[in-house]
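# sequence first, then the predicted structure, then my questions.
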Amino acid sequence: MMELTNEERMLAETMYKWTVQEIAPLQEKIDDEDWLPEDFFRKLGELGMLGITIDEEYGGVGQGIMMQVLAVEQLSRISPALGMTYGAHSNLCANNIYKNGTEAQKSKYLPPMCTGEHIGALCLTEPNAGSDALGGMRTVAKKSGDKYIINGTKMFITNGNIAHTLLVYAKTAPELGPHGISAFIIEADTPGVTVSKKLKKCGMRGSPTCELSFEDVEVPAENLLHAENSGVAVVTSGLAYERIVLAGGSLGISEQALEYSIQYAKEREQFGRPIKDFQMIQQKIADMYCLVEASRGLVYRAARFADGPEGKSGGKGTELDKLAAAAILFAAEASTKIACDGVQIHGGYGYCLEYPIQKLWRDAKLYEIGAGTSEIRRLIIARELFR
């Protein structure tokens, strides 16, 4: 692995070894049944992987985004779906609370999330507000004494139907548009919070995704994250880290698709010799390798920057925003291409469900859509280049 410290290499190897031992034997069941192992989070908690970016005083291990990327990458090599559900918990929810929460909020919500006792989810996207998540938001939070009353619907929520802790965005001052949004920590068992629909997906099966409804949900004012109407700052800073971490998932898909393809090309014979001897196969393998290494360079560079002094905040006008968008744009499109070529190398067998290459193919596409589409990422990059 390029430019990794001994500590980073050890974490990556630990996560991959655990995934091979614990998840690989269950992978067919996970995909067939859209099933998440009940002890998945508890075991990751015991392994020390759930609070990588969280300080020790809250139950974490106090490391950076680079370590988080490595964990998601290695888990995603075997199960991209569980890699995503892990990232949604540990980065999108827990790390956002850690970066923006009060001492009381962090002390209350982070320790059980680091052990796996509680599961987290981020609730931003809405049925009619995908790429325009902030401008098109319709969920509202009205102040009433010492609490807020929240009404609205959130869509495509990873972990939404299994989460205990929800990080929810709502408009507290609708007349201010995107600048009137606030973030709240909501406990999933609060009256009025319901799973209105569990979504069926063609890929990332095993990562539970749902629509959540909020009907007159009462949230204590003390559960307001950061400050009222400061939700944009929370969103934009968190999105940069989210994109970098999830880009690690795309990298893991690419690495494993290349590995499967090399192995198959060595074993499969046609016209009396292994297909690895044919130049068309060699070209595909060589191109796949180059895309993997280029992805790794962009993703690791963005993660290193995020952990440096200039990478402590994101949002418009920052180098972090540009690097994060570039990392996930390239890594996601590369993984889709690599997985597709992997299926092609496998031929008819690649289209059969018993060969895992097709699962990587189905899973890879989501990273071109989630956390901002490829089109939005290109706009971000161009905006910063022309600034």
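Alright, I've got the coordinates.
# contacting residues around residue 265?
Residues near residue 265 by Cβ atoms under 8 Å, 6 or more residues apart in numbering: 274, 275, 276, 281, 285, 345. The C-beta positions use only the backbone N, C-alpha and C, and glycine is treated the same way.
# which helix or strand contains it?
Using DSSP states H and E, the element containing residue 265 is helix 231-267.
# could I get the buried residue list for that helix?
231-258, 260-262, 264-265 (16 or more other Cβ atoms under 10 Å).
# and residue 163, helix, strand or coil?
coil (DSSP: H, G, I helix; E, B strand; the rest coil).
# Provide the partner residues of the nearest residue to it once chain neighbours are set aside in its beta bridges.
Spatial nearest neighbour of residue 163, chain neighbours left out: residue 121 (3.8 Å); criterion: Cβ to Cβ, 6 or more residues apart in numbering. Assessed by DSSP bridges, residue 121 has beta-bridge partners residue 166.
# offset the numbering so it begins at 52, please.
Sure thing, new numbering starts at 52, so read that last one as residue 172.
# I'd say residue 172 and residue 216 touch.
Yes: between residue 172 and residue 216 there is a contact at 7.4 Å, judged by Cβ atoms under 8 Å.
# common neighbours of these two, please.
Common contact partners of residue 172 and residue 216 (Cβ under 8 Å, 6+ apart): 144, 239.
# of those two, which one has the most company?
Neighbours per residue, other Cβ atoms under 10 Å: of residue 172 and residue 216, the larger number sits with residue 172, 28 against 22.
# and the gap between residue 124 and residue 271?
38 Å (Cβ to Cβ, to the nearest Å).
# before we move on, the earlier item: what's the first helix or strand after the helix holding residue 316?
Toward the C-terminus from helix 282-318 - assigned by DSSP H and E - lies strand 320-321.
# of residue 124 and residue 271, give the one with the bigger neighbour count.
Counted by other Cβ under 10 Å, residue 124 and residue 271 do not tie: residue 124 has more neighbours, with 30 against 14.
# shaky segments in the chain?
52-53 (pLDDT under 70).
# tell me how it divides into domains.
57-170, 173-276, 282-437 (automatic domain parsing).
# which residues does the closest residue to residue 250 other than its chain neighbours contact?
Closest residue to residue 250 apart from its sequence neighbours, by Cβ to Cβ, 6+ apart: residue 260 at 4.6 Å. With contact set as Cβ under 8 Å, 6+ apart, residue 260 has these partners: 207, 208, 209, 211, 249, 250, 252.
# one more time with 10 Å, if that's ok
85, 132, 135-136, 139, 172, 206-212, 248-252, 417, 421 (Cβ atoms under 10 Å, 6 or more residues apart in numbering).
# then residue 75?
128, 129, 130, 407.
# mind telling me what element residue 164 is part of?
helix 154-166.
# just residue 279 next, same as before
Per DSSP H and E, there is no helix or strand for residue 279.
# hang on, it packs against residue 231?
Yes: Residue 279 is within contact range of residue 231, at 9.0 Å (criterion: Cβ atoms under 10 Å).
# find residues that contact each of these two.
Common neighbours of residue 279 and residue 231, counting by Cβ under 10 Å, 6+ apart, are 223, 224.
# now residue 199: how far from residue 150?
For residue 199 relative to residue 150 (Cβ to Cβ), the value is 21 Å.
# mind listing the strands for the stretch 52-201 of the chain?
For the stretch 52-201 of the chain, strands defined by DSSP state E, counting those that start in this stretch occupy the ranges 171-174, 191-195, 198-209.
# give me the spatial nearest neighbour of residue 265, chain neighbours excluded.
residue 201 (4.8 Å).
# what's that neighbour in contact with, if anything?
190-193, 219, 221-223, 233, 235, 237, 241, 243-244, 265-270.
# measure it to residue 155 for me?
Taken as Cβ to Cβ, the span from residue 201 to residue 155 is 20 Å.
# helices along the stretch 302-438 of the chain, start to end?
Under the criterion DSSP state H, counting those that start in this stretch, the stretch 302-438 of the chain carries helices at the ranges 330-358, 370-397, 408-415, 425-437.
# with distance to residue 67 and mean neighbour count added, can I get these in a markdown table?
A markdown table is the format used below for these (distance: least, Cβ to Cβ, whole Å; neighbours: other Cβ atoms under 10 Å):
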| stretch | distance to residue 67 | mean neighbour count |
| --- | --- | --- |
| helix 330-358 | 15 | 19 |
| helix 370-397 | 17 | 25 |
| helix 408-415 | 16 | 25 |
| helix 425-437 | 28 | 15 |
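# for those, give me JSON lines that also has distance to residue 118.
Formatted as JSON lines, the helices of the stretch 302-438 of the chain follow (distance: least, Cβ to Cβ, whole Å):
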{"stretch": "helix 330-358", "distance to residue 118": "9"}
{"stretch": "helix 370-397", "distance to residue 118": "16"}
{"stretch": "helix 408-415", "distance to residue 118": "23"}
{"stretch": "helix 425-437", "distance to residue 118": "24"}
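# right, and the ones you listed - which one's nearest residue 92?
Residue 92 sits nearest to helix 408-415 of all these, at 19.8 Å, using Cβ to Cβ.
# direction-wise, compare the closest one with helix 282-318 and give the angle.
160 degrees (axes from the mean of the first three to the mean of the last three Cα atoms, to 10 degrees).
# tell me the residue furthest from the middle of the chain?
residue 323 (44.0 Å; Cα atoms, centre = their mean).
# my guess is residue 338 contacts residue 388. True?
Yes: between residue 338 and residue 388 there is a contact under Cβ under 10 Å: 8.4 Å.
# tell me, what's touching these two both at once?
Going by Cβ under 10 Å, 6+ apart, no residue sits against residue 338 while also sitting against residue 388.
# could you measure from residue 138 over to residue 375?
Taking Cβ to Cβ, one finds residue 138 at 14 Å from residue 375.
# which residues do the two both contact?
293, 296, 297, 422.
# quick one: which of these is nearest to residue 110?
residue 296 (19.1 Å).
# my read: that closest one touches residue 358, true?
No: in this structure, residue 296 is not within contact of residue 358 by Cβ under 10 Å, at 12.0 Å.
# got the end-to-end distance for stretch 208-226?
26 Å (Cα to Cα, to the nearest Å).
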